[in-house]
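1. Fold the stuff below for me.
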Amino acid sequence: MSIHLLGGGWADDETAWTGRFVQEARERAGGPPTIAVVLWAEAEADGAQWHDDYRQDLAKLGAGEVRIVQLHAGRMLEPTDLGGADGIFVGGGLTPGYHAAVMPAADTIRGLVASGVPYAGFSAGAMIAGDVALLGGWRIGGVAVTQRASGEGLDEVTLDAGLGLVDLVVDVHVAQYGNLGRVVAIASSGLAERVVGIDEDTSLIVGPGGLEVAGLGNVWTATQDGDRVSVAVLAATA
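-> Numbers count the residues shown, from 1 in each chain. I've put the predicted structure just below:
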């Protein structure tokens with residue numbers, strides 16, 4: 001099974017990217033899968049507005065039960081929240097909030113993924129998936145590397161321990177939010193050796209066969225190469 005890192009964005013037909021995750025969960029379940037959808041909002045009531053959207057989108061792609069786990073400032077993810085899930089989907093929103101609420105169950109998530117449960121991270125859920133998580137920030141050493149709106153309430157680019165599912169630092173909404181500068185600057189500054197940036201409506205699929213890009217956009221990679229940074233573009237193949 002694979003780890004699906006989704007760069008954000010909404011579309012009428014997400015079969016080529018989110019659908020790949022649901023199909024893997026279906027294969028594991030042998031039928032319509034149970035998907036645990038983990039969402040975070042500052043207050044519990046704030047997250048409820050998105051519940052029907054997630055249920056409807058995943059049901060269109062073949063999910064059976066869509067179990068919403070709504071986290072908030074006073075509610076952290078617990079291992080029992082993921083019991084019986086054929087797939088784990090961690091949604092989008094404020095990345096520092098997701099990181100604080102999801103990391104208490106990191107060992108459980110890693111164990112489930114190791115046992116064959118596919119993981120999908122949408123925006124924030126992708127950013128916290130790596131060994132090192134990108135929480136946000138728009139400046140490095142006081143120098144702007146992306147727009148302030150991408151900072152997620154943080155000034156300096158901030159990295160922390162992530163879920164440990166992939167050995168990549170992940171950025172999202174890259175073409176749409178102008179975050180490629182942050183991707184390159186993180187590698188250039190030595191904060192990480194390899195960084196990937198994923199466009200909206202696009203997934204980077206990390207599986208037994210290596211890396212695959214699916215969807216409508218690109219995945220951008222920045223790799224430290226001595227005193228330079230090598231940048232490459234991985235185009236979607238499906």
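
2. Now find how far off-centre the worst-scoring helix or strand of the chain on mean pLDDT is within its chain.
-> Scoring the helices and strands of the chain by mean pLDDT, DSSP states H and E places helix 44-47 at the bottom, with a mean of 82. Computed by CA atoms, centre = their mean, to the nearest Å, the separation of helix 44-47 from the middle of its chain amounts to 20 Å.

3. could you point out which element follows that helix?
-> helix 51-60 (DSSP states H and E).

4. Put the alpha carbons of that next one into PDB.
-> Provided in PDB are the C-alpha atoms of helix 51-60 (Å, rounded to 0.1, in the frame of the first residue of the first chain):
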ATOM      1  CA  HIS A  51     -17.900  17.100   7.100                       C
ATOM      2  CA  ASP A  52     -20.500  16.700   4.400                       C
ATOM      3  CA  ASP A  53     -18.000  17.700   1.700                       C
ATOM      4  CA  TYR A  54     -15.500  15.100   2.700                       C
ATOM      5  CA  ARG A  55     -18.200  12.400   3.000                       C
ATOM      6  CA  GLN A  56     -19.600  13.200  -0.400                       C
ATOM      7  CA  ASP A  57     -16.300  13.400  -2.100                       C
ATOM      8  CA  LEU A  58     -15.000  10.200  -0.700                       C
ATOM      9  CA  ALA A  59     -18.300   8.400  -1.300                       C
ATOM     10  CA  LYS A  60     -18.200   9.400  -5.000                       C
END
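
5. how about that helix: buried residues?
-> With burial defined by 16 or more other CB atoms under 10 Å, the residues of helix 51-60 counted as buried are Tyr54, Arg55, Asp57, Leu58. Every residue, glycine included, has its C-beta placed from N, CA and C.

6. what residues does that helix touch?
-> For helix 51-60, contacts defined as CB atoms under 8 Å, 6 or more residues apart in numbering pick out Trp10, Glu14, Thr18, Val22, Ile35, Val37, Leu39, Val66, Ile68, Gln70, Phe89, Gly91.

7. Which other helices and strands does the least confident helix or strand of the chain contact?
-> strand 66-71 (3 or more CB pairs under 8 Å, 6 or more residues apart in numbering; DSSP states H and E).

8. The helix or strand just after the strand it packs on pairs with which strands?
-> Counting by DSSP H and E, the next helix or strand C-terminal to strand 66-71 is strand 87-90. Note on strand 87-90: by DSSP bridges, its sheet partners are strand 35-40 (parallel), strand 119-122 (parallel).

9. which stretches of this protein have low pLDDT?
-> Low-confidence segments of the chain (pLDDT under 70): 238.

10. buried set for the top helix by length along it?
-> Looking across the chain with DSSP state H, the single longest helix is helix 18-29. Applying a neighbour-count criterion of 16+ other CB under 10 Å, one finds Thr18, Gly19, Arg20, Phe21, Val22, Gln23, Glu24, Ala25, Arg26, Arg28, Ala29 buried in helix 18-29.

11. contacting residues for the closest residue in space to the fifth one that isn't next to it in sequence?
-> Counting by CB to CB, 6 or more residues apart in numbering, Val22 lies nearest to Leu61, which is 4.2 Å off, once chain neighbours are set aside. Residues touching Leu61, when contacts are defined by CB under 8 Å, 6+ apart, comprise Glu14, Thr15, Thr18, Gly19, Val22, Gln23.

12. tell me which residues in the least confident helix or strand of the chain are buried?
-> For helix 44-47, a neighbour-count test (16+ other CB under 10 Å) marks Gly47 as buried.

13. Can you name the residues in contact with that helix?
-> Contacts to helix 44-47, defined as CB under 8 Å, 6+ apart, come from residues Leu39, Trp40, Ala41, Gln70, Leu71, His72, Arg75, Gly93.
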